[in-house]
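A.B. asks: Have a look at this fold, sequence not included:
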Ligand SMILES: NC(=O)c1ccc[n+]([C@@H]2O[C@H](COP(=O)([O-])OP(=O)(O)OC[C@H]3O[C@@H](n4cnc5c(N)ncnc54)[C@H](O)[C@@H]3O)[C@@H](O)[C@H]2O)c1
Ligand SMILES: [Zn+2]
Ligand SMILES: [Zn+2]
């Protein structure tokens, strides 16, 4: 089969690889219908993710059809249409029993990282019963690709951890797919203000269309100053970091209001300064999280009932044969205006 394979920093290659086989009774083999590329795949290409070795098929998002199941799989059958979660979960270990699937001792974020992923014609899904979600009949499967990772990530790591409340003030630093997913799902709670911050004017325009009340271009290096002015010197109740570089986390430190929360989403490759000399007295909370995907069934209902429309994030479509081009377009988002790219075998 064809697959997008990581060949070391900066290199993705379309390779020919064997179709995966069932290796444990709890496995399923899923035929991929649609997959996509994540900002985290770009972190892998930058060399920020040491657990992902060269030779790995990339990708941790997608929808597909169950092709084969192991003898221990009971919740899914051949022919079922499914959403593949970016997090594999056994459902039985101590972390899974606490709903912290991201830290499952035999799962977590392994797909397209420690085991072969979804940017291929087929993928092996371990712990299939608790890592796949059945797609309701008639659903728009392209929109549901956004449920593998970005919607639960923006919602769980940003909105829930950030304790977004009715009437509150929110800033989201980073208007990539993850920041925009946080923007869409923050609106479940009717905050009074949602300020989006990015360097990319196109993404800020998209953010406006998606419901941001104000946008701030950080290119001049004065994002924090601008947010403080916009909030009358008070700062924001929730500062969501959706980039993963020191400058943007520090922006969050500079704009969080007394009693507020900094909710980090970004994957960080280097250390960041924590300014406790300023923050110690401000009653703030800092949260970090690897997405658990516990909210996937809930988010699926909000997409089904058209409370949110994640399909608006899709900007480009490619054949798997052209995956190298898809990475190039996605990786140059500021000139190509790419958000989510759909890849189909
Ligand atoms: N915690 C988790 O479980 C989890 C899951 C998925 C993704 N992530 C991470 O979330 C982050 C965002 O993902 P994405 O797919 O949206 O990435 P992305 O690269 O598409 O978007 C990042 C955005 O940040 C903007 N940006 C860069 N530097 C900036 C600066 N100095 N000031 C303001 N904006 C700046 C870019 O213009 C871009 O729009 C990544 O670090 C990704 O790895 C985390
Ligand atoms: Zn991802
Ligand atoms: Zn587990």
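C.D. replies: Happy to help now that I have it. Just so you know, these numbers come straight off a predicted model, no measurement behind them. Ligands and ions are numbered 1, 2, ... in the order given.
A.B. asks: Could you use CA atoms for every contact and neighbour count after this?
C.D. replies: OK.
A.B. asks: any idea of the mean pLDDT for stretch 218-229?
C.D. replies: Mean pLDDT, computed over stretch 218-229, is 96.
A.B. asks: Any part of that stretch near ligand 1?
C.D. replies: Yes: using C-alpha under 6 Å from any ligand atom, stretch 218-229 reaches ligand 1 at residue 218.
A.B. asks: Next, count neighbours for residue 196.
C.D. replies: Using other C-alpha atoms under 10 Å, the number of residues around residue 196 comes to 29.
A.B. asks: what are the phi and psi angles of residue 206?
C.D. replies: phi -60, psi -40 (degrees, to the nearest 10).
A.B. asks: That should have said residue 170, apologies.
C.D. replies: phi -120, psi 140.
A.B. asks: change the start of the numbering to 18 and stick with it
C.D. replies: Let's use 18 as the start, then, which means that last one is residue 187.
A.B. asks: hey, what's it bridged with?
C.D. replies: Note on residue 187: beta-bridge partners by DSSP bridges are residue 211, residue 255.
A.B. asks: quick one: it and residue 252 touch, right?
C.D. replies: No: between residue 187 and residue 252 there is no contact under C-alpha atoms under 8 Å: 9.1 Å.
A.B. asks: What separation is there between the residue most central in space within the chain and residue 116?
C.D. replies: By C-alpha atoms, centre = their mean, the chain has its centre lying nearest to residue 167, at 3.0 Å. Separation of residue 167 from residue 116 (C-alpha to C-alpha, to the nearest Å): 18 Å.
A.B. asks: what does the domain assignment say about the chain?
C.D. replies: What automatic domain parsing lists as the domains of the chain is 19-166+309-361, 169-305.
A.B. asks: can you list these in JSON lines and add distance to ligand 3?
C.D. replies: Below are the domains of the chain laid out as JSON lines (distance: least, C-alpha to the ion, whole Å):
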{"stretch": "domain 19-166+309-361", "distance to ligand 3": "4"}
{"stretch": "domain 169-305", "distance to ligand 3": "18"}
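A.B. asks: Give the rounded mean pLDDT of stretch 336-346.
C.D. replies: Stretch 336-346 comes out at a mean pLDDT of 98.
A.B. asks: how far is that stretch from where the chain is centred?
C.D. replies: Mean-position distance between stretch 336-346 and its chain equals 20 Å (C-alpha atoms, centre = their mean, to the nearest Å).
A.B. asks: Contacts for that stretch, please.
C.D. replies: 19-21, 29-31, 54, 136-137, 335, 353, 355, 358, 360-362 (C-alpha atoms under 8 Å, 6 or more residues apart in numbering).
A.B. asks: which of the residues in that stretch are buried?
C.D. replies: 337-341, 343-344, 346 (16 or more other C-alpha atoms under 10 Å).
A.B. asks: Switch the residues you listed over to a markdown table; also include secondary structure.
C.D. replies: Output for the buried residues of stretch 336-346, formatted as a markdown table (DSSP: H, G, I helix; E, B strand; the rest coil):
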| residue | secondary structure |
| --- | --- |
| 337 | helix |
| 338 | helix |
| 339 | helix |
| 340 | helix |
| 341 | helix |
| 343 | helix |
| 344 | helix |
| 346 | helix |
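A.B. asks: For stretch 225-245, buried residues please.
C.D. replies: Buried residues in stretch 225-245 (16+ other C-alpha under 10 Å): 225, 227-229, 231-235, 240-241, 244-245.
A.B. asks: Among those residues, which are located in helices?
C.D. replies: 225, 240-241, 244-245 (DSSP state H).
A.B. asks: How confident is the prediction for residue 65, by pLDDT?
C.D. replies: pLDDT, residue 65: 84.
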